[in-house]
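> Following is a predicted model, sequence given first.
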Number of protein chains: 2
Amino acid sequence: MQPHLRLKFISLAAAALLPAAGQAAETPAAPRPYGLVIHGGAGVIERKTMTAALEAEYRAKLTEARGAGYAILARGGTALDAVIAAVKILEDSPLFNAGKGAVLTADGTCELDASIMDGRTQAAGAIAGVRHIKNPITLARAVMEKSAHVMLTGDGAEKFAKQQGFEFVPNDYFQTDARRQQLETARERAKQKALGRPTSSLEADPFSRTARYGTVGCVALDQAGNLAAGTSTGGMTNKQFGRVGDAPIIGAGTYAHNATCAVSATGWGEYFIRVGVARDIAAQVEYQGATLADAASATLAKVAALGGDGGVICIDRAGRIALPFNTAGMYRGYQLSTGAAAIEIFGAN
Amino acid sequence: MQPHLRLKFISLAAAALLPAAGQAAETPAAPRPYGLVIHGGAGVIERKTMTAALEAEYRAKLTEARGAGYAILARGGTALDAVIAAVKILEDSPLFNAGKGAVLTADGTCELDASIMDGRTQAAGAIAGVRHIKNPITLARAVMEKSAHVMLTGDGAEKFAKQQGFEFVPNDYFQTDARRQQLETARERAKQKALGRPTSSLEADPFSRTARYGTVGCVALDQAGNLAAGTSTGGMTNKQFGRVGDAPIIGAGTYAHNATCAVSATGWGEYFIRVGVARDIAAQVEYQGATLADAASATLAKVAALGGDGGVICIDRAGRIALPFNTAGMYRGYQLSTGAAAIEIFGAN
């Protein structure tokens, strides 16, 4: 850590974490802030195409995931544990494009990517292209904690998982009828596009449209002042060639450092890799002293300038958060020890 | 691009690229600077363990790679073409851990990773875990230019290569006796270590020791003022589990942006991913106006603070370069249109 960073951290966190100068010694220190932010993907989510019943399902699952993570933080657990708990619930839900209900590749299988980073140590773990691990985020954590490596891929990652005693599930476990239908639509769309025909009617159902960038993620701050970030995804419908997006790339989809912030991204992965979204936000905090909101907006503007879109969730060590997106909507929620909390889906407009 | 970046670029490049204010209109503009830097890996390279004959081989091959790239720049070619030309020569040489002569995995095969980035457009391409593509850097470029993706992995990446008409070579093509011996040594070392026995004698030959981080890479600035960076590697001897290091990770092993700099890294990949080495250097230039030398040193200090080591090569749009490392040596060279040029192997001390 650079000396000036250490100083910067102390100055930004001082107001929130330390008793003010001149307070009597017996005054109890202000409680350390804690909390978390979650996302279930950004994309073309418009109120007019969403049924009330489906919206209620999304809100209930986001609330459950947020609550599981927050409960861990509230009882003094670690940010890493909170991230894992929240992401696992989103992975287990077929509503989101991660774990069960992940989108299908061109081969009709699910290939899953995930990553996690510990803001205290900058330890990180990532896996790409696994097909039989029920909760990819837990394998990413095992890579971080139980291997000498940061990123493992494909069959090799599963070989490691076997050594670590992970339970394997058949690829069918992840596949849902809704995602099979999306693959059919995507194939038909590609065919029509190749023939020069209009394709706009082929993405009409809200579930399909929101799937485009339906990554899930969580960033958390625990009572010890440690940050963590995690991201998990099934990637793109109809993906080919062992394509890897930003979710398992440390610095693109996921980044955490106690001196700056924790970030999890969701969006058009290729653009998010090129911009290095998560690291770029943290870099503005680190090198410019930017606010999280300004940094996140500037980074998303870079993504937009290249032609991409998506969203991010961010938290810093003072418990400040930002969750901007430049898509029509983003499944998202947060809960902070200050009492602030929300579950939201659509954009402000 | 952010407006302030555009301004910053103009100010830093003005002195080198534009005629000074007040010059008569007929004064020819100063020639645009151009040039390139190459590396063939950083590691435990000590003069006392290197024979004169082997040193001469390294110097000759580095000179050949540098010359091939520089010739392209000198005749007005692109930075991307120069990077490809230089890296291909290093990949084709068994002296370096990339392409032919790559280190062997635990399974006794070569698995190759590479990435490239275009500073003009921030387009990027990367491949990980390919086994049959003679020049991995050229496949990374095809991913960048001919696919909608940034990163392709494993068999999927080779399927894409086949569609693109790439020539396939048997994995034997990459394997050399020297690397087979290294794998045996690494296996023996792991066995002795597991038994609690001393292993220091098992890495005595200079070729083996230098292989530890023998990635290759090139960064270039062309006469049009465009930057590019490329990196190629065989990874770690005895690697398992589909491990991916920093070389194919955009922002870790490779990064280029005309507004800041082009960077290629070589080192202990896990640490380089966690720090996001290439992007972190560019971020200091972007957000702090740091010099390349200061930025690169600060980033390597972060790597060292976590316990890692390695080196980087950097060039900016004014033709300034930096090539620091915190290992005993780094195979490296540069040639600039100013006339500055060098081929070096050992550290200053």
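Looks like it came in fine.

> Is A:T63 in a helix, a strand, or coil?
The three-state assignment at A:T63 reads helix, by DSSP: H, G, I helix; E, B strand; the rest coil.

> who's in contact with it?
Residues in contact with A:T63 (CB atoms under 8 Å, 6 or more residues apart in numbering or on different chains) are A:G333, A:I343. (Each C-beta comes from the backbone N, C-alpha and C, glycine too.)

> Quickly note the distance from it to chain B.
When CB to the nearest CB, to the nearest Å is the yardstick, A:T63 and chain B sit 33 Å from each other.

> Walking through the stretch 151-300 of chain A, point out its strands one by one.
Secondary structure of the stretch 151-300 of chain A (DSSP state E, counting those that start in this stretch): strands located at A:151-153, A:216-221, A:227-233, A:243-244, A:254-256, A:262-267.

> so what strands line up beside the first one?
If I follow you right, that is strand A:151-153. According to DSSP bridges, the neighbouring strands of strand A:151-153, each with its direction, are strand A:124-130 (parallel), strand B:243-244 (antiparallel).

> Deepest-packed of those, please.
Each of the strands paired with strand A:151-153 was assessed for mean neighbour count using mean count of other CB atoms under 10 Å in any protein chain shown. The highest is strand B:243-244, with a mean of 31.

> For chain A, give me the ranges with low pLDDT.
Scanning chain A for pLDDT under 70 picks out the ranges A:1-29, A:198-213, A:348-349.

> one step back: what's the closest of the strands paired with strand A:151-153 to A:A282?
strand A:124-130 (13.0 Å; CB to CB).

> relative to strand A:227-233, how tilted is the closest one?
Orientation of strand A:124-130 against strand A:227-233 (axes from the mean of the first three to the mean of the last three CA atoms, to 10 degrees) gives an angle of 10 degrees.

> Contacts made by strand A:124-130 with the rest, please.
Applying CB under 8 Å, 6+ apart, the external contacts of strand A:124-130 come out as A:111-118, A:133, A:136, A:139-145, A:147, A:150-154, A:157-158, A:161, A:242, A:244, A:248-250, A:254, B:153-154, B:244, B:273-274.

> and the residues you listed, which are buried?
Using 16 or more other CB atoms under 10 Å in any protein chain shown as the burial test, the contacts of strand A:124-130 include A:111-118, A:133, A:136, A:139-144, A:147, A:150-154, A:157-158, A:161, A:242, A:244, A:248-250, A:254, B:153-154, B:244, B:273-274 as buried.

> Spatially nearest residue to the most centrally placed residue in chain A (excluding sequence neighbours)?
Most central in chain A under CA atoms, centre = their mean is A:G217, positioned 2.3 Å from the mean C-alpha point. Residue nearest to A:G217 in three dimensions, not counting chain neighbours: A:S264, with 3.1 Å by CB to CB, 6 or more residues apart in numbering or on different chains.

> Check the burial of that neighbour by counting its neighbours.
When neighbours are counted by other CB atoms under 10 Å in any protein chain shown, A:S264 registers 36.

> Which positions are bridged to it in the beta structure?
When bridges are called by DSSP bridges, A:S264 pairs up with A:T254, A:I313.

> how close does it sit to chain B?
Using CB to the nearest CB, A:S264 is found at 15 Å from chain B.

> residues in contact with that residue?
For A:S264, the contacting residues are A:H39, A:G217, A:C218, A:V219, A:A229, A:G230, A:T231, A:G253, A:T254, A:A278, A:V312, A:I313, by CB under 8 Å, 6+ apart.

> now with 6 Å?
With contacts taken as CB atoms under 6 Å, 6 or more residues apart in numbering or on different chains, A:S264 has the following neighbours: A:G217, A:V219, A:A229, A:T231, A:T254, A:I313.

> Tell me which stretches of the stretch 51-200 of chain A form helices.
Taking DSSP state H, counting those that start in this stretch as the test, the helices found in the stretch 51-200 of chain A are A:52-74, A:79-92, A:136-146, A:154-163, A:177-194.

> From chain B, how far off is A:H132?
Looking at A:H132 against chain B, where the rule is CB to the nearest CB, the gap reads 14 Å.

> Quick check: closest non-adjacent residue to that residue.
Nearest one to A:H132, counting by CB to CB, 6+ apart, is A:F168 at 4.4 Å.

> what does A:L112 give?
Excluding the flanking residues, the one nearest A:L112 by CB to CB, 6+ apart is A:P136, at 4.4 Å.

> hang on, the residue nearest to the centre of chain A packs against A:H39?
Yes - using CB atoms under 6 Å, A:G217 makes contact with A:H39 at a distance of 5.2 Å.

> Check the offset of the helix or strand harbouring A:A301 from the chain's centre.
Per DSSP states H and E, A:A301 falls inside helix A:292-306. The offset between the C-alpha centroid of helix A:292-306 and the centroid of the whole chain comes to 17 Å, using CA atoms, centre = their mean, to the nearest Å.
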